[in-house]
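**Q** Provided below are the primary sequence and the corresponding predicted coordinates.
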Amino acid sequence: MTAAETRTSTTATHASAPTPAVHVAGLDRVFTSKQGSVTALSGVDLDVAPGEFVSLIGPSGCGKSTLLRLIGDLDQATSGTLEVFGKRARQARLDQDYGIAFQQAGLLPWRTVAKNIELPLALHKVGKADREARVRELVELIGLGDFAGSYPDQLSGGMQQRVAIARALAERPRLLLMDEPFGALDEMTRERMQNELVRISAETGAAVVFVTHSIPEAVFLSDRVVVMSPRPGRIVDVVDVRLPGTGRDDALREDQAFFDAVAAVREALHGAPPPAARGVENR
Ligand SMILES: Nc1ncnc2c1ncn2[C@@H]1O[C@H](COP(=O)(O)OP(=O)(O)OP(=O)(O)O)[C@@H](O)[C@H]1O
């Protein structure tokens, strides 16, 4: 498949999903202050199907985090429609449809791994036996069964990030919102975490909206990569990352279909390179 073939429509809708995990239509976010107003998002349309993995990529300041925060009910849109599983974002948050993980793991240093993971369950008054059972499941899921009693400062950055993901999954959310969760990790740890996330999202069936600056990361993880323009943030392209015959494992990182998809996203972000450069890129 060529880069051009890999790239698909400029709309971000997904036809097959009955009730999307996320439905965004004509969304605007304008920040106003004494200094003036900043249009962070303008006319954003996006549907994410249940169980679908969608990455948002675009230049710094294009509104990726703003869009994620709006979906997560951490901010309010200026205008437009936003629904999560057919509900208002506020209701979805109250119904614990979300799990959220950010670049900083944000663990409480005085609580053990187990106590960090169980925090959302404790806040929502889940009984002790159920909390403990869920924590046991989750520490196994993230491969930290031997570290349940450890404190965050006894863990590596990658391990801390896995704990943050487990905490985000504690309430079995149908939607995981992730803002550069691996941005602070070294390249090897980052690739390992990407493999873990592929496995975890397959096992949980949760839809994921994932913000990243890394084109290979977006391509490796995603069913679709949503490419945004410089401010005011709009969706300029959606790259469908269908990679026939390839599992999402380390072999994929060496596969021609992977390189083609990376090239398609890069072209969507920066425009197509001149033919000579493209020849070099595809070798
Ligand atoms: N609370 C706020 N008040 C005023 N302006 C804001 C606020 N939050 C974000 N902005 C502005 O909105 C624009 C989009 O910011 P946002 O953080 O969403 O971008 P981003 O694409 O996530 O950037 P980066 O890749 O650098 O993290 C920026 O110009 C930013 O300055």
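**A** Sure thing, it's come through. Numbers count the residues shown, from 1 in each chain.
**Q** mind telling me what element residue 40 is part of?
**A** Element membership of residue 40, judged by DSSP states H and E, is strand 36-48.
**Q** list the buried ones in that strand?
**A** 39, 40, 41, 42, 44, 45, 46, 47, 48 (16 or more other CB atoms under 10 Å). In short, each C-beta sits where N, CA and C put it, glycine included.
**Q** what about the ligand: which of the residues you listed touch it?
**A** Among the buried residues of strand 36-48, the ones lying near the ligand by CB under 6 Å from any ligand atom are residue 40.
**Q** from the buried residues of strand 36-48, pick the one nearest residue 193.
**A** When the buried residues of strand 36-48 are ranked by distance to residue 193 (CB to CB), residue 48 comes first, at 21.4 Å.
**Q** let's have the buried residues of strand 36-48 in CSV, adding pLDDT.
**A** Converted to CSV, these look like this (pLDDT from 0 to 100):
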residue, pLDDT
39, 93
40, 94
41, 95
42, 94
44, 96
45, 96
46, 96
47, 96
48, 96
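**Q** pick the one among the buried residues of strand 36-48 closest to residue 141.
**A** Comparing the buried residues of strand 36-48 against residue 141 with CB to CB places residue 48 closest, at 22.5 Å.
**Q** tell me, how many residues neighbour the closest residue to the closest one other than its chain neighbours?
**A** Of all residues not flanking residue 48 in the chain, residue 22 sits nearest, at 4.0 Å (CB to CB, 6 or more residues apart in numbering). Neighbours of residue 22 under the rule other CB atoms under 10 Å: 25.
**Q** quick check: residue 22 touching residue 83?
**A** Yes - at 7.4 Å, residue 22 and residue 83 qualify as touching, with contact defined as CB atoms under 8 Å.
**Q** where does residue 242 sit: helix, strand or coil?
**A** Assigned by DSSP: H, G, I helix; E, B strand; the rest coil, the conformation of residue 242 is coil.
**Q** what values do phi and psi take at it?
**A** Main-chain dihedrals, residue 242, degrees, to the nearest 10: phi -90, psi 120.
**Q** please report the distance of it from residue 109.
**A** Here residue 242 is placed at a distance of 43 Å from residue 109 (CB to CB, to the nearest Å).
**Q** OK, contacts around the residue nearest the centre of the chain?
**A** With distances taken as CA atoms, centre = their mean, residue 210 lies nearest the centre of the chain, 1.4 Å away. Contact analysis of residue 210 by CB atoms under 8 Å, 6 or more residues apart in numbering lists 53, 54, 55, 56, 178, 181, 218, 221, 222.
**Q** thanks again, I'm all set now.
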